[in-house]
Each structure stands twice: as structure tokens, then as C-alpha cells.
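No letters, just coordinates:
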């Protein structure tokens, strides 16, 4: 049995369990501030989860955008990918150069492919084609094709 990937932070585990309120009133705002702060935590798993959870809130605020942009240059690939996906959900135009930078690298992940599908910019096609060959992960291959299709739709 595979062990579930969870952050060590009790706060983040409470957010995952939907036990934390965000946004409404001082308590919710304090929780939002704490989640934003966790995007800079020393532990990679905490940063990864904090960025993913923050982007899933789909709240468009300067503090959230700033946290996502800062996380898009995190040393950990998985944190950068989640940050770019979160930004793509809020502002595809702002996410485009960050996404292009990551897609020019040697690896790709589902968050980046989802971001590419959302951004759907034809300028991403050459990098996406680099990942289009059959791999040992058929599910990821489908995500690559979906991103390519979304970008092709915008090129017509």
C-alpha cells in the first residue's frame, strides 16, 4: 500500500481536512495569512501543499498573487508547478512566461500540463511537443495531448 503524501504541518492537515475557514472576518483572514506564510516554509512538502491549497481557493488578491509568483521560482520543482497552475487559474497572461520557462525544462507534470491547457497559448506548442512521445505513463501522455489540443485551438 502506498503511503499518502501529506504535509507535516498540523495547520495544513487541518486545511486539507476542511477544518479551516478562509476569507470571512478576522479569523478567516488570519488563516489566509497563515496559509500564505506557509508557502515560504522551510519544509518542501509544506510549501508544496500550501501553494496547492492557496491556488485552489481561487481568490484573486494581491497577497495571493505575490505568493504564487514568489513560489514560481521555488527551488523545488513541484512547488513551482503548483504555483504556476494557481496563477494560470487567476491570470493566464501573467502565467504564460513562467509556464514557458518550466516547459522548456527536462520534465513535465500534471499541474504544468493543466496550466498549459488553461493558458492555451500557441507559443507553448514546441515545448509541449517535446513531451508528446509515448512514455511509460499513459495518463500523463493524455494530459500532454489535452494541452496540445487546447493550444492548437487558439492557433486557428
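Cool, got the structure. In this text the structure is predicted, and so the values were computed from the model without any measurement.

Next one: the most centrally placed residue in the chain from residue 29, what distance?
With distances taken as Cα atoms, centre = their mean, the chain has residue 82 as the residue nearest its mean C-alpha position (1.9 Å). Using Cβ to Cβ, to the nearest Å, one gets 23 Å for the distance from residue 82 to residue 29. Just so you know, the C-beta spots here come from the backbone N, C-alpha and C atoms, and that holds for glycine as well.

got it, and residue 100?
Counting by Cβ to Cβ - residue 100 and residue 29 are separated by 34 Å.

Look at the two and report which has more neighbours.
Between residue 100 and residue 29, counting by other Cβ atoms under 10 Å, residue 100 is the more crowded of the two (17 against 13).

element containing that one, please.
Here residue 100 is covered by helix 92-103, with elements defined by DSSP states H and E.

elements contacting that helix?
The contact analysis (3 or more Cβ pairs under 8 Å, 6 or more residues apart in numbering; DSSP states H and E) places helix 92-103 against helix 62-71, helix 77-90, helix 110-119, helix 125-130.

So which residues make contact with the longest one?
Residues outside helix 77-90 that contact it (Cβ atoms under 8 Å, 6 or more residues apart in numbering) are 39, 44, 47-48, 51-52, 54-56, 58, 60, 64-65, 68-74, 94-95, 98-99, 102, 107, 109, 111-112, 114-115, 118-119.

how about it: buried residues?
If you call a residue buried by 16 or more other Cβ atoms under 10 Å, then helix 77-90 has these buried ones: 77-90.

Check those residues against residue 150 and report the nearest one.
Looking at these and their distance to residue 150, the nearest is residue 88, at 11.4 Å (Cβ to Cβ).

Give me the pLDDT for the closest one.
What the model reports as pLDDT for residue 88 is 97.

which one of the buried residues of helix 77-90 is nearest residue 33?
Ranking the buried residues of helix 77-90 by separation from residue 33, with Cβ to Cβ as the measure, puts residue 86 on top at 16.7 Å.

separation between that closest one and residue 71?
The spacing between residue 86 and residue 71, counted by Cβ to Cβ, is 8 Å.

try residue 40
8 Å.

who has more neighbours, the two?
The residue with more neighbours, out of residue 40 and residue 71 and counting by other Cβ under 10 Å, is residue 71; that gives 26 against 13.
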